[in-house]
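Trainee: Sequence first, then the predicted structure:
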There are 2 protein chains.
Amino acid sequence: MKTTATVPHPLPAPLVDAIAERFRILGEPMRIRLLDALRDAPATVQELERATEASQQNVSKHLGVLLRSGLVSRSKEGNFSRYAIADEGVFELCEQVCGGLRRHLDELDAVLSGGGSR
Amino acid sequence: MKTTATVPHPLPAPLVDAIAERFRILGEPMRIRLLDALRDAPATVQELERATEASQQNVSKHLGVLLRSGLVSRSKEGNFSRYAIADEGVFELCEQVCGGLRRHLDELDAVLSGGGSR
DNA sequence: CGATAGCACAACTACATCGTTGTTTGCTAC
DNA sequence: GTAGCAAACAACGATGTAGTTGTGCTATCG
């Protein structure tokens, strides 16, 4: 049993849109920062405000996006809202992206140092 | 030797931006379709035009973005440009995203069928 | 019960980018 | 050298969204 579900090849249009939407949600620095801040432990909006140095409204807005996409979960505790990572897979995604970035940079580096136009 | 490079924890700002940018590049349905069309074999712009049913200019534009980000490579053959996947890791990314989408949908499904507010 | 704190929602402005239209460049063929 | 095709480039209008400002709602406290 494979963990990767092996997507169909000619990707059906709805799946293409769904995949792109999720990537787009992750394509915002502020949201990446929020997820990174939640990596160690769940946190309240206030704590995330301090961690990201953003306004309460902005933090709340992005958390709403992450919540609706199922990447984080929310639990209300009295007067506070505590958010937590709901899908640990995002960190794997980030690490894979970092790997890709490294490959790209190494490639550029090789071109600059080795394969000059002579 | 781990394949995942284990990114630093408080993600430094430039890395956050780089990660977000790559996600943002993948967050466009047209680009996902182009990558999917290139999955089997390299292709010319014309072939990709037909595969995605988009205009030549639009295809060329998105290919330019993918090229600059290092996700595809270009080789000129006479009058044609042949593009190919440069980083096979993107397909792993897509599969992981699909896994996350499935988890989210299952979760919603469980809420709807089982855990009503009772 | 009135006041305050934590959070979410709505309206708005600024900016980025998608897709189109028009044009230019580079190559091949006659 | 002239004609024609493939691909890239440039400018433009339309659309989407990030971040701010302003406000409403719920729970806690005195």
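Mentor: On my side now, so go ahead.
Trainee: From now on I want contacts and neighbour counts done on CA atoms only, so please keep to that.
Mentor: Will do.
Trainee: Can you name the residues of chain A sitting close to DNA strand C?
Mentor: Counting by Cα under 7 Å from any atom of the strand, chain A comes close to DNA strand C at A:44-46, A:56-57, A:60-61, A:63-64, A:79-82.
Trainee: Where strands are concerned, which of the residues you listed count?
Mentor: The strands, defined by DSSP state E, take in A:Thr44, A:Phe80, A:Ser81, A:Arg82 from the residues of chain A next to DNA strand C.
Trainee: Please pick the buried ones from those residues.
Mentor: Buried by 16 or more other Cα atoms under 10 Å in any protein chain shown: A:Thr44, A:Arg82, out of these.
Trainee: out of the ones in strands among the residues of chain A next to DNA strand C, who's nearest DNA strand D?
Mentor: Nearest to DNA strand D, judged by Cα to the nearest atom of the strand, of these is A:Phe80 at 8.0 Å.
Trainee: how about low-confidence regions in chain A?
Mentor: Across chain A, the ranges flagged by pLDDT under 70 are A:1-5, A:114-118.
Trainee: Regarding it, what is its longest helix?
Mentor: Selection of the longest helix in chain A by residue count, based on DSSP state H, yields helix A:89-113.
Trainee: center of chain A, which residue is that?
Mentor: Geometric centre of chain A, nearest residue: A:Leu26, 4.1 Å, by Cα atoms, centre = their mean.
Trainee: and chain A, which residues reach DNA strand D?
Mentor: Counting by Cα under 7 Å from any atom of the strand, chain A sits next to DNA strand D at A:Ile25, A:Glu28, A:Met30, A:Ala54, A:Ser55, A:Gln57, A:Asn58, A:His62, A:Glu77, A:Gly78, A:Asn79.
Trainee: Would you mind giving the residues of chain A next to DNA strand C as JSON lines with distance to B:Gln96 added?
Mentor: Shown next, in JSON lines, are the residues of chain A next to DNA strand C (distance: Cα to Cα, whole Å):
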{"residue": "A:Thr44", "distance to B:Gln96": "28"}
{"residue": "A:Val45", "distance to B:Gln96": "28"}
{"residue": "A:Gln46", "distance to B:Gln96": "31"}
{"residue": "A:Gln56", "distance to B:Gln96": "31"}
{"residue": "A:Gln57", "distance to B:Gln96": "31"}
{"residue": "A:Ser60", "distance to B:Gln96": "27"}
{"residue": "A:Lys61", "distance to B:Gln96": "25"}
{"residue": "A:Leu63", "distance to B:Gln96": "22"}
{"residue": "A:Gly64", "distance to B:Gln96": "22"}
{"residue": "A:Asn79", "distance to B:Gln96": "36"}
{"residue": "A:Phe80", "distance to B:Gln96": "32"}
{"residue": "A:Ser81", "distance to B:Gln96": "29"}
{"residue": "A:Arg82", "distance to B:Gln96": "26"}
